[in-house]
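In: Below: sequence and its predicted model.
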Amino acid sequence: MPHILTPLQKKVVGYPYRPDSLLKVIAGPGSGKTEILLRRVHHLISEGHLKADEILILSLTNKAVDNVIDKLKKNVQELNDQVKYSSEELDSLIDKLHIHTIHSIANKIVVEQDGIVNILEENGWRGLMKLISTGSSPTGTASYETNLKKFQQLFKNIYYSTDKVAPKKFEQISSIMKRYKVMTNDEMIIRAARYLETYQNKSKNLEDGCEPQEVDSTIVDIKSKIKVIFIDEYQDLYPSLLPLIKQITIGKQLALFGDPNQSIYQFLGDNVSFLKSLENEYKKRKSDIKTLYMYDNFRNTPEIISQVVEIMGPNLVHYKAEREAQNITLKSSSNLKPIIMNFPNSNATCEFMIDQIIQAVTSSAQLSDIAILARTNSEIQFIANILDKYQIEYQKLTAQPTWLSDPRIQFLIDLWKVIYLVSKEKYSDSEISNEEIQNIQSDFSIIVTLGALQGIRSTFINKLYAECKEFNCSIWNYITSETKSKRLTKITTHKTVKQFIDELSPYINNKEYLYEDNPIKLLKNVCDIAFNLPYTHLQFKDDVDRMSFKNHLEDLFRTMKACMMDRPEDVPLLEWFIETYFEYSIFLHNESNSGYSNSRLTPSSACIKLSTIHSSKGLEFPIVFIFENIFQSFPIENSVLYVAMTRAKNILYMFNVNHPNIKSNFKYPSVFPLAKKKEFWNYYNTTLGRKLTTPNIEKYLLLMQKYQVIRNHQKRWFGTTRIMPSLLRGLKRVPK
Ligand SMILES: Nc1ncnc2c1ncn2[C@@H]1O[C@H](COP(=O)(O)OP(=O)(O)OP(=O)(O)O)[C@@H](O)[C@H]1O
């Protein structure tokens, strides 16, 4: 059954469609933002105001896009009670809607105009840094990682500033990037905006109809078909996206949904000024601008909401509106206040947390109801290690799969790029003209892979690049030409380059290999190449390191298989994989409910969730622990704490949270043991739509005694008790 809408939700769903207008929906946590956005989409279509292909839904993250698609399927099916959609009809309806991340739509526009482009990833940055530095480090004598970070910052400052004079070392950057079609995400956004603007101006000049119509493309869709644009989580938009958003939204109805209090990406730029500029565009055109508020809360208990207000009250924007809103719907009282504690050390924090988890699962909760949130990845790793120790199964929620950022896997993909791009250039039917030499894309992948090998210094890469420019030839042709490559002296370097050529040549020289469509063979070959090269990252530190590579390799293989199944018949697997692996990997990642359990065998639906606060955005969990390391010295930002606290549906714990409004007091609260609170567990089960169960406190006490782990706080409550790690694994292990 679809939810019955509240008066505030109804207003948003039924707000009229008007071209060139702005609707801003400010919605608090748990107010049903995404659901209402989709109900509005359905309303506009079913009332005949718009067709599905006239609607564009934009989000910032892939996860949010998948969330929209999932909810859309559920909602449309529920709402459509007269004519039930078959699953094919539903798929076709969803296919017609345009649903993208902002970056993927920019990428589509740019690729349609420019062909394949290289978006800078970690290894790409390293390659670029090697290319422009001249032996000594470009930014001083600090470690490579620090230099890389500084370099990226310097690059950003110089590239996007018009008034700064670039140091000599950076002058080459734009020409190199242009030459190899390498760009950062920000540049891709700017480029896409420029293409849209050019199209707009061209169409204006062509209104007399003297030139033929353009073929179908994303630009044509945006400029001529789309009438309404929805942006979910608008508070995360930042200034460098503005040129593109402006271009996309001209003349359309733009509906922004979000919560300014949850603006956790301020480090990317000022969201407030972004919105002002966008609103000014609508004001300039004298368009309608309307703000609606949604402050119902179907998620958090009133006790959690009061705690949020107590800690952050004056810092919450629009809170007045919430207070004044009439008839807001809230959950009933749970009579359980959030548990806020500061511990003297990390061990005490962990022991208490484990104890609470055990109480919860021996009462009514399932392990998958529980999420542990922390600010940094290192804190998440710390908690993961603790849970490993207790053999409690968990799943890390990450925005993108971890294998994608494993430099070893990136190295394998870069090697494939070398094979594919060099072969393509080599076997291309037409002679490559001088002008085309400027666009030899294999060069960049060679620089990235060669530059990652032991003994290859930036002076060499730099010289190589300069030589190729002088001879006007590709790097592969240069290094494989005996006469030319002799000019690059040093014996050790020479040996490594020879090794590189020897490893890759058999595949490049075999034209058929471009069409190899056996993923196992492709993977085995590229691993052989990588292991035979002096690439230090593949000399494993220990078994854990080896296992992590093995797991990532399995994920890479899974992605290849998915690409293979979907591949158009006439496109070779290698080519299709290089173009699409990122999208497939995100898709598979989200499908497997984002992440892996520590055992990799347990379904994610049976695991505790571990997540950084940033990755938990938009999610909700019955029980939330906010876990801060006691060494966390800088206070948590209001917006980050707000997002974390409002993820909790029924129970919220906050451990060692460093915030000026949270007082430190190390005292076990009187509300425990949690397992004794029968009334509360009834409430818990009812709000989650589950059958009522009785908390099994006897079982809990029995187990505690059986395993005899002495805990100070348990001693106070139950006498001497002991918990063994296997407790949560169905109690199969018999203690010695
Ligand atoms: N009218 C309604 N009646 C009952 N439940 C509702 C109603 N509208 C939304 N909900 C439920 O409220 C919960 C919160 O909704 P949703 O996840 O869309 O919140 P949100 O506004 O996106 O929150 P956040 O901004 O914190 O991510 C969901 O479980 C949703 O199904």
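Out: Thanks, I have the structure now. Numbering: from 1, shown residues only.
In: Taking the stretch 401-550 of the chain, what residue is nearest to the ligand?
Out: Per C-beta to the nearest ligand atom, Pro401 is where the stretch 401-550 of the chain lies closest to the ligand, at 22.5 Å. Quick note: C-beta positions are derived from backbone N, CA and C, even for glycine.
In: Point me to the helix or strand that includes the residue nearest to that residue when sequence neighbours are not counted.
Out: Excluding the flanking residues, the one nearest Pro401 by C-beta to C-beta, 6 or more residues apart in numbering is His589, at 4.3 Å. Element membership of His589, judged by DSSP states H and E, is helix 573-591.
In: Would you mind listing what in the chain touches the ligand?
Out: 3-6, 9, 27, 29-35, 259, 298-299, 618, 620, 646 (C-beta under 6 Å from any ligand atom).
In: Restricted to helices, list those residues.
Out: For these, membership in helices holds for 9, 33-35, with DSSP state H as the criterion.
In: Please identify, among the residues you listed, the one with the most neighbours.
Out: Greatest neighbour count in these, by other C-beta atoms under 10 Å, goes to Gln9: 24 neighbours.
In: re the thing from before, just the pLDDT at the residue of the stretch 401-550 of the chain closest to the ligand, thanks.
Out: Pro401 carries a pLDDT score of 78 in this model.
In: Please renumber the chain so that the first residue is 349 from this point on.
Out: Sounds good: first residue 349 from here, last item Pro749.
In: which ones are touching it?
Out: Shown in contact with Pro749 (C-beta atoms under 8 Å, 6 or more residues apart in numbering): 903, 933-934, 936-937.
In: Please name the nearest non-neighbouring residue to the residue in the stretch 649-798 of the chain that the ligand sits nearest to.
Out: Per C-beta to the nearest ligand atom, Thr677 is where the stretch 649-798 of the chain lies closest to the ligand, at 7.3 Å. Closest residue to Thr677 apart from its sequence neighbours, by C-beta to C-beta, 6+ apart: Asp644 at 4.2 Å.
In: Name the spans of the stretch 649-798 of the chain whose pLDDT lies under the cut-off.
Out: Within the stretch 649-798 of the chain, the ranges that satisfy pLDDT under 70 run 667-674, 747, 777-787.
In: now the strands for it?
Out: Assigned by DSSP state E, counting those that start in this stretch, the stretch 649-798 of the chain shows strands spanning 687-689, 718-722, 742-745.
In: Need the winner for burial among those.
Out: strand 718-722 (a mean of 26; mean count of other C-beta atoms under 10 Å).
In: what pairs with that strand, and is each one parallel or antiparallel?
Out: Strand 718-722 pairs in its sheet with strand 956-960 (parallel), strand 969-975 (parallel), by DSSP bridges.
In: now these as JSON lines including mean pLDDT?
Out: Output for the strands paired with strand 718-722, formatted as JSON lines (pLDDT from 0 to 100):
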{"stretch": "strand 956-960", "mean pLDDT": "93"}
{"stretch": "strand 969-975", "mean pLDDT": "97"}
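In: Please convert those to TSV, extending it with distance to Leu798.
Out: TSV is the format used below for these (distance: least, C-beta to C-beta, whole Å):
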stretch	distance to Leu798
strand 956-960	35
strand 969-975	43
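In: Make CSV out of those strands and add mean neighbour count.
Out: Below are those laid out as CSV (neighbours: other C-beta atoms under 10 Å):
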stretch, mean neighbour count
strand 956-960, 24
strand 969-975, 25
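In: Find the closest residue to the ligand in this structure.
Out: Taking C-beta to the nearest ligand atom, the chain has Gly380 as its residue nearest the ligand, at 2.7 Å.
In: surely that residue meets Lys358?
Out: No: the criterion here is C-beta atoms under 8 Å, and Gly380 misses it with Lys358 at 11.5 Å.
In: Those two: which is more packed in?
Out: Gly380 (23 against 13).
In: in whatever helix or strand Cys911 lives in, what's buried?
Out: Assigned by DSSP H and E, Cys911 belongs to helix 891-914. Residues of helix 891-914 classed as buried: 897, 900-901, 903-904, 906-908, 910-912 (neighbour count, 16 or more other C-beta atoms under 10 Å).
In: Contact partners for the residue nearest to Thr677?
Out: 354, 356-357, 376, 378-380, 676-678.
In: of all the residues you listed, which comes closest to Val620?
Out: Using C-beta to C-beta, Gly376 comes nearest to Val620 of the contacts of Asp644, at 18.1 Å.
In: neighbours of the residue nearest to the closest one when sequence neighbours are not counted, just the number please.
Out: In space, and not counting its chain neighbours, Gly376 is closest to Tyr643: 4.8 Å by C-beta to C-beta, 6+ apart. For Tyr643, the neighbour count with other C-beta under 10 Å is 23.
In: My guess is Ile467 contacts Lys529. True?
Out: No: Ile467 is not in contact with Lys529 according to C-beta under 8 Å; the separation is 9.8 Å.
In: what angle separates the helix holding Cys911 from helix 921-939?
Out: 110 degrees (axes from the mean of the first three to the mean of the last three C-alpha atoms, to 10 degrees).
In: which helices and strands does helix 891-914 pack with?
Out: Using 3 or more C-beta pairs under 8 Å, 6 or more residues apart in numbering; DSSP states H and E, the elements in contact with helix 891-914 are helix 755-774, helix 867-880, helix 921-939.
In: Of the ones you listed, flag the one that's most buried.
Out: helix 755-774 (a mean of 21).
In: Show me what the helix or strand hosting Glu1027 is packed up against.
Out: Assigned by DSSP H and E, Glu1027 belongs to helix 1026-1035. Of the remaining helices and strands, those touching helix 1026-1035 by 3+ C-beta pairs under 8 Å, 6+ apart are strand 996-1003.
In: now what about the strand it packs on, what contacts it?
Out: 647-649, 652, 655, 682, 684, 686-691, 697, 700-701, 704, 708, 968-976, 993, 1010, 1022, 1031-1032, 1035-1036.
In: how much does it deviate in direction from helix 1026-1035?
Out: Per the same axes, to 10 degrees, the angle that strand 996-1003 makes with helix 1026-1035 is 130 degrees.
In: what lines up beside strand 996-1003 in the sheet?
Out: Partners of strand 996-1003, by DSSP bridges, with direction: strand 687-689 (parallel), strand 969-975 (parallel).
In: I'd like the average pLDDT over the helix holding Cys911.
Out: Mean pLDDT, computed over helix 891-914, is 88.
In: picking that back up, verify the contact between the residue nearest to Gly376 and Ser379 for me.
Out: Yes: counting by C-beta under 8 Å, Tyr643 does reach Ser379; the two are 6.1 Å apart.
In: where do the contact lists of the two overlap?
Out: Residues touching both Tyr643 and Ser379 (C-beta under 8 Å, 6+ apart): Leu356.
In: What ranges does the stretch 949-1084 of the chain have for its helices?
Out: 986-993, 1026-1035, 1045-1055, 1060-1066 (DSSP state H, counting those that start in this stretch).
In: now swap in the stretch 399-548 of the chain and tell me
Out: Under DSSP H, counting those that start in this stretch, the stretch 399-548 of the chain gives helices at 410-427, 435-444, 450-462, 470-480, 492-508, 516-527, 533-553.
In: re earlier: the contacts of strand 996-1003, buried ones only, as a ChimeraX selection?
Out: Typed into ChimeraX, the line below selects the buried ones among the contacts of strand 996-1003, using 16+ other C-beta under 10 Å:
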select :647,648,649,652,655,682,684,686,687,688,689,690,691,697,700,701,704,708,968,969,970,971,972,973,974,975,976,993,1010,1022,1031,1032,1035
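In: quick one on the thing from earlier: same question for the helix holding His937, mean pLDDT?
Out: 78.
In: Next: stretch 446-453.
Out: 88.
In: With just CA atoms, put it into PDB.
Out: What follows is stretch 446-453 as a C-alpha-only set of coordinates in PDB (Å, rounded to 0.1, in the frame of the first residue of the first chain):
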ATOM      1  CA  HIS A 446      16.500  10.500 -17.700                       C
ATOM      2  CA  ILE A 447      18.200   9.600 -14.400                       C
ATOM      3  CA  HIS A 448      21.900  10.500 -14.000                       C
ATOM      4  CA  THR A 449      24.600  11.700 -11.700                       C
ATOM      5  CA  ILE A 450      25.700  15.200 -12.600                       C
ATOM      6  CA  HIS A 451      29.100  13.900 -13.500                       C
ATOM      7  CA  SER A 452      27.800  11.100 -15.700                       C
ATOM      8  CA  ILE A 453      25.700  13.500 -17.700                       C
END
